[in-house]
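Colleague: next comes the sequence, and after it the predicted model I'd like to discuss.
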Amino acid sequence: DNKKAVLKMEVAVLKKLQHCQYACRYVHCGHFEDHNYLVMELLGENLSELRRRRPGGRFSLWTTVRLGIQMLRAVEAIHE
């Protein structure tokens, strides 16, 4: 099953990234009845919801720049 293979790959990648400060923490994965699942740390609200609540549905330029810098640092750390 393709969905099961994708989830297995996601679990393997997440486990390898546990040393990285930018990766969420892996908690558990398994199978229950007809469902495979992955449990990981919740890091907070998603950016899309936060953005929608802003005036005009947009982040400020400064917030966008700070988010971009954090994302670049995360990508760099993951690839070390």
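Modeller: That came in fine, so what should we check first?

Colleague: all helices for this protein, in order.
Modeller: 2-16, 47-52, 61-78 (DSSP state H).

Colleague: now the shortest one: average pLDDT?
Modeller: Okay, so that is helix 47-52. Helix 47-52 shows a mean pLDDT of 94.

Colleague: could you do the last one as well?
Modeller: For helix 61-78, the mean per-residue pLDDT is 95.

Colleague: how far is that helix from where the chain is centred?
Modeller: 14 Å (CA atoms, centre = their mean, to the nearest Å).

Colleague: packing partners for it?
Modeller: Packing contacts for helix 61-78, counted by 3 or more CB pairs under 8 Å, 6 or more residues apart in numbering; DSSP states H and E, involve no helix or strand. Using the backbone N, CA and C atoms, a C-beta is placed for each residue, glycine as well.

Colleague: quick check: angle from that helix to helix 2-16?
Modeller: Note on geometry: by axes from the mean of the first three to the mean of the last three CA atoms, to 10 degrees, helix 61-78 and helix 2-16 are set 90 degrees apart in direction.

Colleague: can you tell me what sits against helix 61-78?
Modeller: 17, 20-23, 47, 59 (CB atoms under 8 Å, 6 or more residues apart in numbering).

Colleague: re earlier: out of the helices of the chain, which gets nearest to residue 32?
Modeller: helix 2-16 (12.9 Å; CB to CB).
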